[in-house]
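Q: no sequence for this one, just the structure:
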C-alpha cells in the first residue's frame, strides 16, 4: 500500500507539467471601458471570433494555440458615438514552466505544458479601454454642448475648457 502511494506520487510528478498544475491552460481576463456597456469582440491569432459581449465582463481565454505555439488575441472595443479601439493581448513564457527543470518533469516540459498552453501567460491580465467621443458636426447656426467627466477630458482639451458657475 505504501509503495503504491509513493509510486503514484512519483508518477504524477513526472507525468505533469509545473505550469499546467499551477496555472492551467486558460487565463481569466477582466474587461472594462469608459463609457460602460461598450461592445467587445475578441478574435484569436487565426482571426476567428472567440467571444463577444459588452463591458464590464470577464472572459476565460486559452493561453496556447497548439504545440509550442503561443496564442494572441485582438480585442475590438466600440460604442456608438465613440471612436473604436483595438487592443492586443500577447503571450509570454510562464515562470512556472521552468519549474519542470527543478522538479525533473521532462515530460511536463516537452509535452504537457506545450500542448495545454500552460507554458504561456497572457498580457495584459485586465483591460480598461477609454473610448474617445467622436465630434458631432453642427451647422454654423447651431451651438452644441458636450458634457464629459473631468477625468475623461484629454490634457490638451483643458485649454478650451470653461468653468460654468451656478448660483
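A: Alright, I've got the coordinates. These figures come from a predicted structure and were not determined experimentally.

Q: who touches the residue nearest to residue 49 when sequence neighbours are not counted in this structure?
A: Leaving out its chain neighbours, the residue that sits closest to residue 49 by CB to CB, 6 or more residues apart in numbering is residue 43, at 5.3 Å. Using the backbone N, CA and C atoms, a C-beta is placed for each residue, glycine as well. By CB atoms under 8 Å, 6 or more residues apart in numbering, the contact set of residue 43 is 49, 50, 73, 74, 76.

Q: any idea which of those residues is closest to residue 38?
A: Residue 38 has its nearest neighbour among the contacts of residue 43 in residue 76, at 9.8 Å by CB to CB.

Q: rewinding a little: pull the most distant pair out of the contacts of residue 43.
A: 50 and 76 (12.1 Å).

Q: give me the more crowded residue out of these two.
A: More crowded of residue 50 and residue 76, by other CB atoms under 10 Å: residue 76, with 17 against 14.

Q: can you give me the buried ones in the helix or strand encompassing the more buried one?
A: Assigned by DSSP states H and E, residue 76 belongs to strand 73-78. Neighbour-count burial for strand 73-78 flags 73, 75, 76, 77, 78 (criterion: 16 or more other CB atoms under 10 Å).

Q: closest to residue 36 out of the residues you listed?
A: Of all the buried residues of strand 73-78, residue 77 has the smallest distance to residue 36: 11.5 Å, by CB to CB.

Q: beta-bridge partners for that closest one, please?
A: With DSSP bridges applied, residue 77 shows beta-bridge pairing to residue 40, residue 85.
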